[in-house]
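[1] pasted the sequence and its predicted model underneath.
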Amino acid sequence: MNADPIDQARRLVCDRFPDALAAVLGGSVAAGRATASSDLDIAVLIGDKGETCRETIRFEGRVVELFIHTRAGLADLFAADVAARRAVLQSVYATGLVLVDVAGEAGRARARAEADLRNGPPAAAPEVVETKRYGLTNALDDLADAGDRIERLAVAGFVLTAAADLLCDYHQAWIGGGKWLPRRLLEADGERGAALLEGHLRLCTSGDPTPMIDAASQILALVGGPLREGYRRTWRGVVPVGGEPGVHLGEVSG
């Protein structure tokens with residue numbers, strides 16, 4: 001795959017979205033970190049009669065992630081990203097390469113995205129932080145006691161995600177998943193974030209959980225420390241989506 005990815009993105013938008021109001025290329029290509037197999041992340045603003053959706057296609061041999069939205073759809077997606085504390089689409093508009101900009105539409109979307117990023121995510125509710133503390137406390141106990149290597153690795157993955165989420169919330173910083181977890185974590189707190197990541201790497205390579213337990217325990221101390229006895233939640237008939245890892249009224253630790 002030797003074609004220039006930016007040229008490919010321009011051709012795709014021209015071919016598929018000739019009436020686009022704005023189009024922005026984000027991801028590794030826009031950041032200058034692209035490899036031969038990197039996909040294209042393209043946000044496309046369309047007219048108000050269109051449909052807001054996400055679609056994955058292949059164009060000229062390259063995988064393309066399309067984020068297609070109307071003006072109202074973009075406002076809804078920005079609000080959802082803020083509520084989820086991820087700001088994925090805001091990052092595309094704020095840092096991406098503008099491919100199409102009709103009557104300043106891309107510029108206005110970028111300004112809204114930059115404002116969201118400056119303001120930061122909302123703080124997690126105290127009840128959510130308490131539940132995350134409880135879940136991380138249980139997981140650290142399990143990590144210290146785990147004799148099975150496979151179980152230890154599984155628990156370590158949860159500890160990494162839960163501790164990273166708490167640390168980012170403590171700093172009112174954006175969170176991320178996948179390759180964006182370490183990036184966001186280090187942006188939020190270079191020292192504690194690096195210690196957590198190094199502890200996770202040490203556990204995965206040597207099996208020693210001690211550095212990771214120490215790093216996660218320091219993060220836990222920032223938000224109130226371990227939480228075991230005294231924790232109580234009332235079942236309200238709704239399973240939370242994305243906000244409270246590790247705790248379910250039907251789940252048993254140990």
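    Nice, I can see it.
[2] which is the next helix or strand following the helix ranked longest in the chain?
    Criterion DSSP state H: the longest helix present in the chain is helix 149-170. Proceeding N to C from helix 149-170, the next assigned helix or strand is helix 180-188, under DSSP states H and E.
[3] residues of that next one that come out buried?
    Neighbour counts using 16 or more other CB atoms under 10 Å place 181-182, 184-186, 188 of helix 180-188 among the buried residues. The way it works is simple: take the backbone N, C-alpha and C, and place the C-beta from them, glycine included.
[4] so for the longest helix of the chain, what gets flagged as buried?
    Neighbour-count burial for helix 149-170, counted by 16+ other CB under 10 Å, picks out 152-153, 155-156, 158-170.
[5] cool, stretch 219-232 as well?
    Result for stretch 219-232 [16+ other CB under 10 Å]: buried residues 219-220, 223, 227.
[6] out of those, which sit inside helices?
    219-220.
[7] circling back to that earlier point, got TSV for the buried residues of helix 180-188, with pLDDT and distance to Asp48 too?
    Shown next, in TSV, are the buried residues of helix 180-188 (pLDDT from 0 to 100; distance: CB to CB, whole Å):
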residue	pLDDT	distance to Asp48
Leu181	97	36
Pro182	97	39
Arg184	96	33
Leu185	98	38
Leu186	98	40
Ala188	97	37
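[8] can I get those in CSV including distance to Asp208?
    Shown next, in CSV, are these (distance: CB to CB, whole Å):
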residue, distance to Asp208
Leu181, 21
Pro182, 20
Arg184, 26
Leu185, 21
Leu186, 22
Ala188, 25
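[9] and stretch 94-101, which residues are buried?
    Residues of stretch 94-101 classed as buried: 94-101 (neighbour count, 16+ other CB under 10 Å).
[10] quick revisit: CA atoms only for the longest helix of the chain - export them in PDB, please.
    Output of helix 149-170 as PDB, limited to C-alpha atoms (Å, rounded to 0.1, in the frame of the first residue of the first chain):
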ATOM      1  CA  ARG A 149      -0.700 -16.900  36.400                       C
ATOM      2  CA  ILE A 150      -3.600 -16.600  34.000                       C
ATOM      3  CA  GLU A 151      -5.900 -15.300  36.700                       C
ATOM      4  CA  ARG A 152      -3.200 -12.800  37.800                       C
ATOM      5  CA  LEU A 153      -2.900 -11.400  34.300                       C
ATOM      6  CA  ALA A 154      -6.700 -11.100  34.000                       C
ATOM      7  CA  VAL A 155      -7.000  -9.200  37.300                       C
ATOM      8  CA  ALA A 156      -4.000  -7.000  36.400                       C
ATOM      9  CA  GLY A 157      -5.900  -5.900  33.300                       C
ATOM     10  CA  PHE A 158      -8.800  -4.800  35.400                       C
ATOM     11  CA  VAL A 159      -6.500  -3.000  37.900                       C
ATOM     12  CA  LEU A 160      -4.800  -1.100  35.100                       C
ATOM     13  CA  THR A 161      -8.100   0.200  33.700                       C
ATOM     14  CA  ALA A 162      -9.700   0.900  37.100                       C
ATOM     15  CA  ALA A 163      -6.700   2.700  38.500                       C
ATOM     16  CA  ALA A 164      -6.200   4.700  35.300                       C
ATOM     17  CA  ASP A 165      -9.800   5.800  35.400                       C
ATOM     18  CA  LEU A 166      -9.500   7.000  39.000                       C
ATOM     19  CA  LEU A 167      -6.300   8.800  38.400                       C
ATOM     20  CA  CYS A 168      -7.700  10.600  35.300                       C
ATOM     21  CA  ASP A 169     -10.800  11.600  37.200                       C
ATOM     22  CA  TYR A 170      -8.700  12.900  40.100                       C
END
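[11] got the angle between that helix and helix 180-188?
    Here helix 149-170 runs at an angle of 40 degrees relative to helix 180-188 (axes from the mean of the first three to the mean of the last three CA atoms, to 10 degrees).
[12] what's in contact with helix 149-170?
    85, 121, 123-124, 129, 132-133, 135-136, 139-140, 142-143, 146, 174-175, 181, 184-185, 188-189, 192-193, 196-197, 200, 203-204, 207, 209, 212, 215-216, 219-220, 222-223, 245-246 (CB atoms under 8 Å, 6 or more residues apart in numbering).
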